[in-house]
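S.K.: Below are the sequence and a predicted model for it; my questions follow.
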Amino acid sequence: MAPFAGYDMPISYSTGAIEEHAITRRSVGLFDIDHMGQFEVSGPGADAFVSRLVSAKVADMAPPMARYSLLLDDEGLVLDDLFVYRLPNSWWIVVNASNRETDLAWFVAHAGAGVSIEDRSDETYMIAVQGPRAIELLDALGAPKVSALERFTWGRIDVAGVPILFGRTGYTGEDGGELFFPASKAEFLWNHLIDKGAELGIETKPIGLAARDSLRFEAGMPLHGHEISPAINALEANFKWACDFDKDFIGKAALEAIAAAGLKRRLVGIEVSGGVPREGYEIADASGRIVGHCVAGMYCPTVKKYAANAFVEPALNKAGTALKVIIRGQPKDAVVVKRPLYVPAYRR
């Protein structure tokens, strides 16, 4: 266990992080992610407010759609990344735990007349059910069947009498979903999913933060404070696709100016030989000149490689470019590789 954003969080369970990673890739992993925050935005001005606040296109969203987006400041820097759900009469927005208070303050500061913002985080629990058999498990335990839902949509289901807003989304590169439900039912539902999984012969195990990090890393998904942060702009982090430049949004003018001036660095994936790359390690080119630094690095259990995500000079972002990672003072061979290392199952 370790403290994070006011919570004691499980780094790993007795199974161990490597095996927890493997379980999620082969069957079903359960992730206690109640530390995430949930805001509900409603009112006659809500649609225009959400559209201006987040980077992604949302004007075309209708229930039951869900979409990934960024929350940017006026300089185009990434305050947070979000999932936006279009409910029938409101917007359900999921934020990162460490940013809950600052995000809420940002929302409130920019809300005008006709916009109501409710922090639903304390009353709402959140569990992610991820893996190739996750949908099979949920179909067996709940109604209606979630297999009828497309990826990046949501539906309302019932599991053992617990009302759930189910989003067919996730952070592992596997299929499955994220469950939002009354916090009072958390322990019951957690144990019910594990116990019923065992009864059905569907391996269902709890997964800690260490495996969650390696799963998301392989699948090319960002972690706030690493690949994205208030010190990183959306373009250098390769998130132009999450920005709708056909609408007005906070940070748009800054990103257009950055694009016109040219990027000073780009996020790349690198495969490393001879050591474990870690956050903060410097990157050098073939001549030994420092050209960037790692923002995340680890052993990737599925692809069985040591890899890092790093910001480097833009000219060095092409796959196959030879680099060096300075590990404990020693330059180790590295090469730029195409991200993601593991293609998410739902994209194949």
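M.R.: Everything's here; your move.

S.K.: chain center to the strand or helix carrying residue 30, what's the gap?
M.R.: Secondary structure assignment for residue 30, by DSSP states H and E: strand 28-32. In terms of Cα atoms, centre = their mean, to the nearest Å, the centre of strand 28-32 is found 15 Å from the chain centre.

S.K.: what does the next helix-or-strand element following it rub up against?
M.R.: Using DSSP H and E, the helix or strand that follows strand 28-32 in sequence is strand 37-42. Strand 37-42 has contacts (Cβ atoms under 8 Å, 6 or more residues apart in numbering) with 49-50, 87, 89-97, 99-100, 103-104, 107, 115-121, 124, 126, 180. The way it works is simple: take the backbone N, C-alpha and C, and place the C-beta from them, glycine included.

S.K.: so of those residues, which ones are in helices?
M.R.: Using DSSP state H, the members of those that fall in helices are 49, 50, 100, 103, 104, 107.

S.K.: Out of those residues, the closest to residue 337 would be?
M.R.: residue 103 (32.8 Å; Cβ to Cβ).

S.K.: Find the nearest non-adjacent residue to the closest one, please.
M.R.: In this structure, residue 103 finds its nearest non-sequential neighbour in residue 95, 4.6 Å apart by Cβ to Cβ, 6 or more residues apart in numbering.

S.K.: Quick check: residue 225 vs residue 78, distance?
M.R.: According to Cβ to Cβ, to the nearest Å, residue 225 stands 10 Å off from residue 78.

S.K.: neighbour-wise, which of the two wins?
M.R.: Neighbour count, other Cβ atoms under 10 Å: between residue 225 and residue 78, residue 78 has more, with 25 against 16.

S.K.: Quick one: neighbours of the residue nearest to the more buried one when sequence neighbours are not counted, just the number.
M.R.: Closest residue to residue 78 apart from its sequence neighbours, by Cβ to Cβ, 6+ apart: residue 228 at 4.2 Å. Using other Cβ under 10 Å, residue 228 is surrounded by 25 other residues.

S.K.: what's across from residue 228 in the sheet?
M.R.: For residue 228, the beta-bridge partners are residue 224 (DSSP bridges).

S.K.: For it, which residues are in contact?
M.R.: Counting by Cβ under 8 Å, 6+ apart, residue 228 touches 70, 78, 81, 222, 234, 237, 239.

S.K.: List buried residues within the contacts of strand 37-42.
M.R.: By neighbour count, with 16 or more other Cβ atoms under 10 Å, the contacts of strand 37-42 hold 49-50, 90-97, 99-100, 103-104, 107, 115, 117, 119, 121, 124, 126, 180 as buried.

S.K.: how about the residue nearest to the spatial centre of the chain, secondary structure?
M.R.: Nearest to the geometric centre of the chain sits residue 171, at 5.0 Å (Cα atoms, centre = their mean). The local conformation at residue 171, judged by DSSP: H, G, I helix; E, B strand; the rest coil, is coil.

S.K.: Helices along this protein, start to end?
M.R.: According to DSSP H, the helices that the chain contains are 17-26, 46-53, 100-110, 134-141, 186-200, 209-218, 252-261.

S.K.: winner for burial among those?
M.R.: helix 209-218 (a mean of 24; mean count of other Cβ atoms under 10 Å).

S.K.: Give me the contact list for that one.
M.R.: Contacts for helix 209-218 (Cβ under 8 Å, 6+ apart): 2, 4, 9-12, 17-18, 20-21, 24-25, 29, 31, 130, 171-174, 222-223, 296, 298-303, 307, 309, 340-342.

S.K.: With stretch 53-68 instead?
M.R.: By Cβ under 8 Å, 6+ apart, stretch 53-68 touches 47, 50-51, 69-72, 81-88, 93, 107, 110, 149, 152-155, 167-169, 234, 239, 242-244, 246-247, 249-252.

S.K.: average pLDDT for that stretch?
M.R.: Stretch 53-68 carries an average pLDDT of 98.
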